[in-house]
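Colleague: Quick check, what structure comes out for this input:
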Amino acid sequence: MDPSYFILAAIISSIVLVQVNQRVGSPVIAIFVRWLRWIVFGTGVAYMCVDFDLINRPFWVLTLVFLLVWFLCETLYNWLGIQALSVSPLPLFPRYVSNASGEEWPTHPRLLKVREWLRAQGFKQVQAVKAEIGGGVFLRGSVYQDEEARIRLQVTFLPSATGMVGVCYTLVSIATDGTRYVTDNFYIPFAGFYPENWLVERRPWRRGLKGLLSRHQKRITGETLVAFDSDPVTDLNAQQHELDHLNTQLGFLNPHAERDEFGKITQAGRYRVWKEIWMLNYLGRSVRYQ
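Modeller: As a prediction, this is how the structure comes out:
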């Protein structure tokens, strides 16, 4: 079969998926788009080289070479992005404050159904929160609890360049021995260290809240849980401080006194972030760090 037909089909599929994803903002679709884009580049450039007799090598050899070229170029792009983040004033662990304007829930019908579903399940809103990540851009969210206050849910709305609002969920429960069970579907790389008493499970592919809640409930089955008694902002900022302190101790972050000179993230930390970016972008899963 003429490979040009396959390449053309991949290009059309990629364009269609990009258009669809501009409306739905799905990280799952974004993963397929990245794979298609990589394959189109490798096969397309190889086909042009063979068709125009630019390089006298087999098509499959050239395809592998140009797939590797794409990998190296994207690695350089990601590495420069990590470097820019490290030296930028953007906080890695932003401080949360109560959102004085109240709950700012997007009016997209898909997201409004999520809020109605939460109410039907007995979850009640506890507090609306926000955190500035720089340049007047805020992460906005809303924190809910179940009727017994043993499952706390944070709904985080993520702004994007396309204007679509992404949404991620974080479910948290605390056992009587202090173990913190965290189940979320964030597709943003973290790559750092968690405290020993945190059992974190990230499920970027699981976009539906119903399935994520079922998974969290399964994880805490048989555990004796304590009710949340602190307000969400206090708890969130305590978590942010603990993560910053731990990751500085373990060498993921530079000491605060050295960050102006060397950046926030160490060389070892930057490698971990790069690795997690690739895992999330192309496999939809985060690295399992202890």
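
Colleague: for the stretch 151-290 of the chain, what are the low-confidence residue spans?
Modeller: 161-163, 288-290 (pLDDT under 70).

Colleague: again, 80 this time
Modeller: Along the stretch 151-290 of the chain, the parts satisfying pLDDT under 80 run over 159-165, 287-290.

Colleague: For it, just list every one of the strands.
Modeller: In the stretch 151-290 of the chain, strands defined by DSSP state E, counting those that start in this stretch lie at 152-159, 165-175, 180-184, 198-202, 225-226, listed in chain order.

Colleague: Residue ranges of each domain in this structure, please.
Modeller: Under the assignment automatic domain parsing, the domains of the chain span 3-87, 96-283.

Colleague: Check the offset of the last one from the chain's centre.
Modeller: Just to be clear, that refers to domain 96-283. Computed by C-alpha atoms, centre = their mean, to the nearest Å, the chain-centroid distance of domain 96-283 equals 10 Å.

Colleague: Straight-line length of that domain, end to end?
Modeller: This stretch, domain 96-283, spans 31 Å end to end (C-alpha to C-alpha, to the nearest Å).

Colleague: In contact with the residue nearest to D184 when sequence neighbours are not counted, which residues are there?
Modeller: Distance criterion C-beta to C-beta, 6 or more residues apart in numbering; nearest residue to D184, sequence neighbours excluded, is T170 at 4.1 Å. Every C-beta, even on glycine, is put in place using the N, C-alpha and C of the backbone. T170 makes contact with L153, Q154, T156, V182, T183, D184, F186, according to C-beta atoms under 8 Å, 6 or more residues apart in numbering.

Colleague: Check F186 too.
Modeller: T156, C168, T170, R202, P204.

Colleague: for H216, same thing?
Modeller: I151, L171, S173, Y181, T183.

Colleague: The first one and V172 touch, don't they?
Modeller: Yes. The pair I151 and V172 qualifies as a contact (C-beta atoms under 8 Å) at a distance of 7.4 Å.

Colleague: The longest helix that the chain contains - contacts with which helices or strands?
Modeller: Ranked by number of residues, the top helix in the chain under DSSP state H is helix 59-87. Secondary-structure packing of helix 59-87 (3 or more C-beta pairs under 8 Å, 6 or more residues apart in numbering; DSSP states H and E): helix 27-51, helix 267-283.

Colleague: Give me the distance between the two termini of stretch 129-147.
Modeller: 20 Å.

Colleague: For burial, what's the neighbour tally of L225?
Modeller: Per other C-beta atoms under 10 Å, the neighbour tally for L225 reads 16.

Colleague: right, and it touches A175 too?
Modeller: Yes. Contact criterion C-beta under 8 Å: L225 and A175 qualify, at 5.9 Å.

Colleague: if we can go back for a sec, buried residues in the longest helix of the chain?
Modeller: Within helix 59-87, the residues scored as buried using 16 or more other C-beta atoms under 10 Å are L62, T63, F66, L67, W70, E74, N78, I82, S86.

Colleague: isn't the fourth one right up against W38?
Modeller: Yes. In this structure L67 lies within contact range of W38 using C-beta under 8 Å: 6.7 Å.

Colleague: returning to that earlier point: ok, which of the strands of the stretch 151-290 of the chain comes nearest F32?
Modeller: Nearest of the strands of the stretch 151-290 of the chain to F32, taken as C-beta to C-beta: strand 165-175 at 16.6 Å.

Colleague: That closest one to strand 152-159, inter-axis angle?
Modeller: 160 degrees (axes from the mean of the first three to the mean of the last three C-alpha atoms, to 10 degrees).

Colleague: could I get strand 165-175 in PDB with only the CA atoms?
Modeller: C-alpha atoms of strand 165-175 as PDB (Å, rounded to 0.1, in the frame of the first residue of the first chain):
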ATOM      1  CA  VAL A 165     -11.500  25.300  31.000                       C
ATOM      2  CA  GLY A 166     -10.000  22.000  32.100                       C
ATOM      3  CA  VAL A 167     -11.100  20.400  35.300                       C
ATOM      4  CA  CYS A 168      -9.300  18.000  37.700                       C
ATOM      5  CA  TYR A 169     -10.400  16.300  40.900                       C
ATOM      6  CA  THR A 170      -8.600  15.500  44.100                       C
ATOM      7  CA  LEU A 171     -10.100  13.200  46.600                       C
ATOM      8  CA  VAL A 172      -8.600  13.100  50.100                       C
ATOM      9  CA  SER A 173      -9.200  11.000  53.200                       C
ATOM     10  CA  ILE A 174      -7.200  10.700  56.400                       C
ATOM     11  CA  ALA A 175      -6.900   7.500  58.500                       C
END
